[in-house]
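Engineer: structure here, sequence nowhere to be found:
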């Protein structure tokens, strides 16, 4: 069921996935949202089709198009100390 989604007769509308995305996977969420996960390395446009249906079998289909872009931000990783050995540098450092 879509949250707060009703037709003109006040019937609740339920969403179902008609056609999945070609370049990724789609998961419909209970409240009406969705999670789209692209295939590794994919960028560009992708689409999928969702159907909204009331409890009287009246329905309408909608094409959802997504533009997938490259994410250049790497996930945060905790800093770990790198063990090193102390050593003397054979050169003077000016300053």
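Structural biologist: Arrived safely. Fair warning: this is a prediction, and the values are worked out from it, not measured in the lab. Numbers count the residues shown, from 1 in each chain.

Engineer: which stretches of the protein have low pLDDT?
Structural biologist: Residue ranges of the chain with pLDDT under 70: 1-3, 72-95.

Engineer: center of it - which residue?
Structural biologist: residue 36 (3.8 Å; Cα atoms, centre = their mean).

Engineer: contacting residues for that one?
Structural biologist: Residue 36 sits next to 21, 24, 25, 26, 46, 48, 66 when contact means Cβ atoms under 8 Å, 6 or more residues apart in numbering. To be clear about C-beta, it is placed using only N, CA and C from the backbone, and glycine gets the same treatment.

Engineer: which of these are buried? Put it as a ChimeraX command.
Structural biologist: Isolation of the buried members of the contacts of residue 36 (16 or more other Cβ atoms under 10 Å) is achieved in ChimeraX through the command below:
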select :21,24,26,46,48,66
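
Engineer: host element of the residue nearest to the centre of the chain?
Structural biologist: strand 34-38 (DSSP states H and E).

Engineer: buried residues in that strand, which are they?
Structural biologist: Quick answer for strand 34-38 (16+ other Cβ under 10 Å): residue 38.

Engineer: distance of the residue nearest to the centre of the chain relative to residue 12?
Structural biologist: 24 Å (Cβ to Cβ, to the nearest Å).

Engineer: next: residue 23.
Structural biologist: 32 Å.

Engineer: okay, the two: which has more neighbours?
Structural biologist: residue 23 (17 against 14; other Cβ atoms under 10 Å).

Engineer: show me the contacts for the more buried one.
Structural biologist: Listed by Cβ under 8 Å, 6+ apart, the contact partners of residue 23 are 38, 39, 42, 44, 46, 68.

Engineer: could you redo the last one with a cut-off of 6 Å?
Structural biologist: 38, 39, 42, 46 (Cβ atoms under 6 Å, 6 or more residues apart in numbering).

Engineer: same question, residue 53
Structural biologist: Applying Cβ under 6 Å, 6+ apart, the residues near residue 53 are 14, 59.
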